[in-house]
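1. model this:
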Amino acid sequence: MNQDIYIKLLEELLANINEGIHFVDQKNITQIYNHNMEKIEGMDAKVIIGKNFRSIFKDIPEEESTLLKALKGISIKDNIQRYQNKNGKEIIALNTTLPIKVNGKILGALEISKDITKIKKLSDELIKLQTVNNEIGENLSYCKKSKYSFDDIIGECPKIKRTIDLAKRATESDATVFIYGETGTGKELLSQAIHYGSPRKDKPFIAINCATLPETLFESILFGTEKGGFTGATNKMGLFEQANGGTLLLDEINSIPIELQTKLLRVLQEKTVRRIGGVKDIPVDVRVISTTNENPKDIIKNGKMRLDLYYRLNLIYLELSPLREREEDILLLSQKFLNYYNRRLNKNIKGLGKEVEEVFMQYLWPGNIRELENVIQSNMILTNEDFLTKEFLNINWDENFFKKKEKKEEKEFFIKVAPDSDIDIDINIDESDPNLLNNLMAKMEEKYIREAVDSYPYNLSKAAAYLGISRQALQYKMKKYNIK
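-> From the prediction side, this is the model:
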């Protein structure tokens, strides 16, 4: 072949192939550096050709340089390298580096580089999608096993009773429900109770925590994928299709990317979904319940949710109070967990010790019901006593996590009761007692409580109302003063 033709052919080949080509001679001087290698590494061939490549790529340690290894006769094939090019762009390249020999003598090293950044990232996303799908599968099987009803929700607090009443009314329609409550207040339990109390109870209940989903996979997980939509895509139903006829719980709804919220709004309005890569709309009949542990006003104010989507999701609004505002329910819930874990752990723990009761009533419970359950479970595992003790209480003992309810209650108690009371108090006073005032107040309190309980012997609720305190607080004080 004519040498000129050969050179021209080589030039065209180097300029048009998809791979980057970098050739250095035995003195480390770059002789060939084609256009695609410029694009991959963010470099200018004019700066590199004719220069010692070691002076250009100073950041690469000698022992990691594939070109230097090839110059020593080592062939490296299909080596995936991840690095930042000179423009700061992350590159993932598939490289093959070979020694070039003539008559057994190494004349240089040739590196052939293919930019697989997009392919590798897509592959990683598919792996993530498969992982999430597996997790969703676990969630689905969990939801089939765990069927909570309104009977599982314990509470005497007026706020929780009101919420349960509204939730029961919500079972009579297919309207969207929006539940706000701090972490650990029982949002999923309430969601399941609504589902299993509704005509949809025999259809799927699917719960997904939006905060755990990779942002790039939201759309494919919610709406599904169609084969051919992108490399590696298969025909797969999204959560809306899987929940067809039933209920879809979108936990931590405020984590859904704002750009995806428009598509979610369309699904709620049109009652159809279109898979990624699909061309047809698929009808779906799904009731959506969404939850958040962040105040809805703050979500809207901070731009985390479209206002039109919020209105669409919020046809029925329910709020779960934190445990610190449900004093009446702390000991009730404690007894429920004691009974449950006695069965699970094959124990016979009779109840909370007096000191533990006092701590429970003063603690702020930042983790709410979930924290209460965990504290009781861990204590029951460790103790060998008949009653739970402070020794194994796994809580945050920082004073910021406590409030002095006793003093506040005493103040309210005397304000409400003392002015109207005509109880005759016969107390022996020791003026030298340093705790005279506290003891005097305790004696007065005990007298008032005994009077109220005697007046309403079979109705603690009326006795508590007469005293101006909660029923739970009255029970606590009756134990304190050993009033039967």
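2. my guess is residue 222 contacts residue 266, does it?
-> No: between residue 222 and residue 266 there is no contact under C-beta atoms under 8 Å: 11.8 Å. Where you see a C-beta, it was placed from the backbone N, CA and C, and this is true even at glycine.
3. Those two: which has the busier surroundings?
-> Of the pair residue 222 and residue 266, residue 222 is the one with more neighbours under other C-beta atoms under 10 Å, namely 23 against 14.
4. ok, residues contacting whatever helix or strand that one lives in?
-> Taking DSSP states H and E as the definition, residue 222 sits inside helix 218-223. Residues outside helix 218-223 that contact it (C-beta atoms under 8 Å, 6 or more residues apart in numbering): 129, 132-133, 136, 208, 210, 213, 236, 238-240, 256-257, 260, 263-264, 267, 273-276.
5. Can you say which of the residues you listed are buried?
-> 129, 132, 136, 208, 210, 213, 236, 238-240, 256, 263-264, 267, 273-276 (16 or more other C-beta atoms under 10 Å).
6. how near is the residue most central in space within the chain to residue 294?
-> The residue lying closest to the centre of the chain (C-alpha atoms, centre = their mean) is residue 211, at 4.6 Å. Going from residue 211 to residue 294 by C-beta to C-beta, to the nearest Å gives 11 Å.
7. Please name the strands paired to the host helix or strand of residue 96 in the sheet, noting orientation.
-> Using DSSP H and E, residue 96 falls within strand 90-102. Strands flanking strand 90-102 in the sheet, each with its direction: strand 76-84 (antiparallel), strand 105-115 (antiparallel) (DSSP bridges).
8. Quick one, which of those gets closest to residue 169.
-> Ranking the strands paired with strand 90-102 by proximity to residue 169 (C-beta to C-beta) places strand 76-84 first, at 55.9 Å.
9. can you give me the strands in the stretch 301-450 of the chain?
-> For the stretch 301-450 of the chain, strands defined by DSSP state E, counting those that start in this stretch occupy the ranges 316-320, 351-352, 387-388.
10. Compare those strands and report which one is nearest to residue 478.
-> Closest approach to residue 478 among the strands of the stretch 301-450 of the chain (C-beta to C-beta): strand 351-352, 15.3 Å.
11. partner strands of that closest one, parallel or antiparallel?
-> Strand 351-352 has its sheet partners listed here by DSSP bridges as strand 387-388 (parallel).
12. Point out where the stretch 101-250 of the chain drops to low pLDDT.
-> Applying pLDDT under 70 to the stretch 101-250 of the chain flags residues 120-146, 228-233.
13. thinking again about what came up before, C-terminal to the helix holding residue 222, what's the next element?
-> strand 224-225.
14. And that next one, what does it pack against?
-> Counting contacts by 3 or more C-beta pairs under 8 Å, 6 or more residues apart in numbering; DSSP states H and E, strand 224-225 packs against strand 236-237.
15. what does the strand it packs on contact?
-> Strand 236-237 is contacted from outside by 133, 220, 224, 225, 275, using C-beta under 8 Å, 6+ apart.
16. ok, 10 Å please
-> Contact with strand 236-237 is made by 129, 133, 220-221, 223-227, 242-244, 273, 275-276, 282, 284, as judged by C-beta atoms under 10 Å, 6 or more residues apart in numbering.
17. returning to what we had before: need the overlap of contacts for residue 222 and residue 266.
-> residue 273.
18. For residue 311, list the residues it contacts.
-> By C-beta under 10 Å, 6+ apart, the contact list for residue 311 reads 176, 178, 265.
19. Over to residue 363?
-> When the contact criterion is C-beta under 10 Å, 6+ apart, the partners of residue 363 are 323-324, 330, 371-372, 375, 393, 395-397, 401-403, 405.
20. Okay, and the residue lying closest to residue 115 once chain neighbours are set aside sits in which element?
-> Excluding its sequence neighbours, the residue lying closest to residue 115 (C-beta to C-beta, 6 or more residues apart in numbering) is residue 40, at 5.0 Å. Assessed by DSSP H and E, residue 40 sits inside helix 35-41.
21. just checking, what packs against that helix?
-> Counting contacts by 3 or more C-beta pairs under 10 Å, 6 or more residues apart in numbering; DSSP states H and E, helix 35-41 is packed against helix 3-16, strand 20-25, helix 45-48, strand 90-102, strand 105-115.
22. hmm, 7 Å instead?
-> strand 20-25, strand 105-115 (3 or more C-beta pairs under 7 Å, 6 or more residues apart in numbering; DSSP states H and E).
23. Would you mind finding the most buried of those?
-> The highest average neighbour count among the helices and strands packed on helix 35-41, using mean count of other C-beta atoms under 10 Å, belongs to strand 20-25 at a mean of 21.
24. circling back to that earlier point, export the strands of the stretch 301-450 of the chain as TSV, with columns for distance to residue 44 and mean pLDDT.
-> Formatted as TSV, the strands of the stretch 301-450 of the chain follow (distance: least, C-beta to C-beta, whole Å; pLDDT from 0 to 100):
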stretch	distance to residue 44	mean pLDDT
strand 316-320	61	96
strand 351-352	75	92
strand 387-388	73	92
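25. which residue sits closest to residue 224, ignoring its sequence neighbours?
-> Nearest residue to residue 224, sequence neighbours excluded (C-beta to C-beta, 6+ apart): residue 238, at 3.3 Å.
26. hang on, that neighbour packs against residue 213?
-> No: the pair residue 238 / residue 213 is not scored as a contact, 12.0 Å apart, by C-beta atoms under 7 Å.
27. how close does residue 88 sit to residue 366?
-> 42 Å.
28. Show me which of these two is the more surrounded one.
-> Set residue 88 next to residue 366 and count neighbours by other C-beta under 10 Å: residue 366 wins out with 16 against 7.
29. okay, that one: pLDDT?
-> On pLDDT, residue 366 comes in at 92.
30. picking that back up, so which of the contacts of residue 311 sit within helices?
-> Among the contacts of residue 311, the ones falling in helices (DSSP state H) are residue 265.
31. List just the nearest of the contacts of residue 311 to residue 453.
-> After measuring the contacts of residue 311 against residue 453 - C-beta to C-beta - the closest member comes out as residue 178, at 42.9 Å.
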